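Student: Next comes the sequence, and after it the predicted model I'd like to discuss.
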Amino acid sequence: MGEPRTLVDKIWDEHVVHHEDDGPDLMFVDLHLIHEASSPQAFHGLKLAGRKVRRPELTLAMDDHNVPTDGLVLRDRLGRAQIEQLRANCAEHGIEHFALGERRQGIVHVVAPELGLVQPGMTVVCGDSHTSTHGAFGALAFGVGTSDVEHVLATQSLALERPRSFLARFTGRTPADVTAKDMILALIAKIGANGAHGHVLEYQGGPVEELTMEGRMTMCNMSIEAGARAGLIAPDDTTMEYLRGRPGAPSGLVWDAAVEWWRTLRTDESATFARTVEIDVSELTPFVTWGTNPGQAVPLGDVVPDPEVFADPVERAAAKRALDYMALEPNARMRDLKIDTVFLGSCTNGRIEDLRAAAGVLRGRQVSSDLRMLVVPGSMEVRRQAEEEGLHEVFITAGAEWRLSGCSMCMGINADRIQGADRVASTSNRNYEGRQGTRARTHLVSPAVAAATAVVGRLAAPADL
Ligand SMILES: CC(C)[C@H](C(=O)O)[C@@H](O)C(=O)O
Ligand code: SF4
């Protein structure tokens with residue numbers, strides 16, 4: 001027996017291609033995801049260097065950031081150029097590409113897992129910060145910059161410093177109205193939007209084990225919003241059940257061998273973490289953000305904080321600025337905030353379970369008449385499944401817009417961006433200034449809170465209905 005190791009270290013050790021004592025490790029990449037918004041320069045660099053894609057069969061490309069969700073006509077010039085570029089690059093290098101209009105298209109972080117392509121123990125990279133989503137499968141999944149995308153295309157490897165592990169342990173009994181989104185927002189509020197800087201978060205504890213794979217993906221997705229490089233959860237029966245039979249998952253004897261290895265992928269009993277934080281979920285209620293970073297969050301039943309209560313001058317200044325941008329008064333009740341737009345979607349909360357949760361709240365109810373609600377499935381497969389279950393009828397009957405799949409309003413770089421200074425309840429992951437539109441005011445919420453808010457017209461939870 002060697003030294004006790006964390007899950008991150010176990011995956012790391014499996015993937016080191018070359019080790020230098022005083023430099024980064026060269027790591028093998030099992031799966032490389034690319035999208036149209038962050039890959040054009042990487043392919044351009046590859047061309048200039050006269051290189052080819054080393055392992056096109058380990059690369060999957062997706063149109064997601066720029067796609068229109070109201071039809072297939074792409075009016076935006078830059079967006080169209082990026083999508084056409086990706087198509088040409090994939091054709092040239094023999095990379096599978098799920099393009100706009102295809103049955104399997106969707107947000108890359110929704111599509112890859114639903115195909116069973118992300119498996120325990122893998123290394124996954126993508127030129128996108130929310131690659132951390134895939135840690136839900138017990139994979140080590142990083143977002144990387146464009147020059148790294150080029151390096152991975154050329155070599156299927158990446159030079160990386162071994163990250164430190166940060167244990168986030170959730171304890172207690174989860175209240176019925178508390179979701180994965182509330183758990184991760186509460187964690188980020190506790191440690192701060194930069195609180196896990198330089199670390200990989202490992203989520204442990206009963207409440208995490210009880211989450212579905214969709215919930216685990218929501219949680220890992222937002223690891224980056226706590227400043228972490230990645231986040232992961234050890235694989236268990238839930239993971240295996242989700243993967244079994246999916247097109248990209250192994251089958252037959254290979255499946256049995258894989259499961260045997262996956263069962264070893266957990267942090268050893270006596271392994272040590274660089275840092276640890278504990279959250280008792282029995283004390284949680286639905287969480288919402290009030291500010292302009294995901295750490296500026298409070299329980300829905302609370303009030304907007306008074307900047308003066310922050311002892312740290314930097315935090316105080318940030319809170320003042322956030323209140324100004326968000327047009328909020330200190331001590332205003334979160335539940336009194338009138339909402340103009342509700343967005344249900346994104347790689348955080350655009351999966352089937354999220355749509356089911358929101359539809360469950362909206363069934364037999366109406367979206368408030370002075371509010372607009374957009375429902376954007378995370379993939380065309382999620383959309384198909386939702387339609388099979390009749391969820392689209394619930395949304396349409398309630399007065400919401402039922403869209404095609406893409407990043408949509410999560411990030412204001414496509415036609416779904418917010419015009420004006422709308423106050424938005426959004427199931428996405430970022431509430432930065434200008435994120436959903438130049439002056440948009442974003443409140444991050446769970447799908448259940450999004451749906452209740454759409455009915456009430458003010459921030460609300462299902463229990464308020
Ligand atoms: C455009 C892309 C590179 C970006 C990211 O890195 O995450 C986007 O997906 C986001 O959510 O901000
Ligand atoms: S849905 Fe939002 S967070 Fe996810 S990849 Fe798209 S823009 Fe980024």
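Tutor: Right, received. Where do you want to start? Ligands and ions are numbered 1, 2, ... in the order given.

Student: only C-alpha atoms for contact and neighbour calcs from this point on.
Tutor: Fine.

Student: what does the stretch 251-400 of the chain put close to ligand 2?
Tutor: Counting by Cα under 6 Å from any ligand atom, the stretch 251-400 of the chain comes close to ligand 2 at Ser346, Cys347.

Student: Please give the number of neighbouring residues around Gly364.
Tutor: Other residues near Gly364 number 11, with proximity taken as other Cα atoms under 10 Å.

Student: Is any residue of whichever helix in the chain runs longest near ligand 2?
Tutor: Secondary structure of the chain read by DSSP state H shows that its longest helix is helix 77-93. No: using Cα under 6 Å from any ligand atom, helix 77-93 never reaches ligand 2; the gap is at least 13.3 Å.

Student: Of all the residues in that helix, which ones are buried?
Tutor: The neighbour-count check on helix 77-93 (16 or more other Cα atoms under 10 Å) flags Gly79, Arg80, Gln82, Ile83, Gln85, Leu86, Arg87, Asn89, Cys90, His93 as buried.

Student: Just the closest of those to ligand 2, please.
Tutor: Gly79 (13.3 Å; Cα to the nearest ligand atom).

Student: For the closest one, report the pLDDT, please.
Tutor: Gly79 carries a pLDDT value of 95.

Student: That one and ligand 1, how far apart?
Tutor: Counting by Cα to the nearest ligand atom, to the nearest Å, the gap between Gly79 and ligand 1 amounts to 12 Å.

Student: got a list of contacts for the host helix or strand of Val17?
Tutor: Val17 is part of strand 16-18 when elements are defined by DSSP states H and E. The contact list for strand 16-18 (Cα atoms under 8 Å, 6 or more residues apart in numbering) reads Asp25, Leu26, Met27, Phe28.

Student: Could you pull out the buried residues of that strand?
Tutor: Neighbour-count burial for strand 16-18, counted by 16+ other Cα under 10 Å, picks out Val16.

Student: Same check on stretch 268-285?
Tutor: Phe273, Ile279, Val281, Leu284, Thr285.

Student: From the chain's centroid, how far away is the longest helix of the chain?
Tutor: Centroid separation for helix 77-93 versus its chain: 24 Å, with Cα atoms, centre = their mean, to the nearest Å.

Student: cool, stretch 61-81 as well?
Tutor: The answer for stretch 61-81 is 20 Å, by Cα atoms, centre = their mean.

Student: Same question for that stretch: list its buried residues.
Tutor: 61-70, 74, 79-80.

Student: Output that stretch in CSV, but only the C-alpha positions, please.
Tutor: Extracted in CSV, the C-alpha atoms of stretch 61-81 (Å, rounded to 0.1, in the frame of the first residue of the first chain):
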residue,chain,number,x,y,z
ALA,A,61,-17.3,19.7,-31.2
MET,A,62,-20.5,21.6,-30.5
ASP,A,63,-22.3,24.8,-31.6
ASP,A,64,-23.7,26.2,-28.4
HIS,A,65,-22.8,29.8,-27.5
ASN,A,66,-24.0,31.6,-30.6
VAL,A,67,-26.9,29.5,-31.7
PRO,A,68,-30.3,31.2,-32.1
THR,A,69,-33.0,29.4,-30.0
ASP,A,70,-36.0,30.8,-31.8
GLY,A,71,-35.3,29.0,-35.1
LEU,A,72,-32.4,28.1,-37.2
VAL,A,73,-31.7,31.5,-38.8
LEU,A,74,-28.5,32.9,-37.4
ARG,A,75,-28.5,36.7,-38.0
ASP,A,76,-25.5,37.7,-36.0
ARG,A,77,-22.4,38.0,-38.2
LEU,A,78,-19.7,37.1,-35.7
GLY,A,79,-21.7,34.2,-34.4
ARG,A,80,-22.3,32.9,-37.9
ALA,A,81,-18.6,33.2,-38.7
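
Student: contacts for the biggest strand by length in the chain?
Tutor: The longest strand of the chain (DSSP state E) is strand 164-171. Residues outside strand 164-171 that contact it (Cα under 8 Å, 6+ apart): 6, 8, 196, 198-208, 273-282.

Student: Go through those and flag which are in strands.
Tutor: His199, Val200, Leu201, Glu202, Tyr203, Gln204, Arg275, Thr276, Val277, Glu278, Ile279, Asp280.

Student: quick one: the fifth one and Ser223 touch, right?
Tutor: No: in terms of Cα atoms under 8 Å, Tyr203 does not count as a neighbour of Ser223; the distance is 9.8 Å.

Student: Overlap in contacts, the two.
Tutor: By Cα under 8 Å, 6+ apart, the residues touching both Tyr203 and Ser223 are Gly231.

Student: Span of stretch 271-281 from start to end?
Tutor: Terminal residues of stretch 271-281 are spaced 24 Å apart (Cα to Cα, to the nearest Å).

Student: Return the distance of it from the chain's centre.
Tutor: Centre-to-centre, stretch 271-281 and its host chain are 22 Å apart (Cα atoms, centre = their mean).

Student: got a pLDDT number for the nearest residue to Gly245 once chain neighbours are set aside?
Tutor: Nearest non-adjacent residue to Gly245, counting by Cα to Cα, 6 or more residues apart in numbering: Ser251, 7.3 Å away. You'll see Ser251 listed with a pLDDT of 97.

Student: I'd like to know how many residues surround Ser251.
Tutor: 14.

Student: Glu389 too?
Tutor: Around Glu389 there are 12 other residues, counting by other Cα under 10 Å.

Student: Would you mind listing the outside residues contacting stretch 70-77?
Tutor: Residues contacting stretch 70-77 (Cα under 8 Å, 6+ apart): Val67, Pro68, Arg80, Leu100, Gly101, Arg403, Leu404, Asn414, Ala415.
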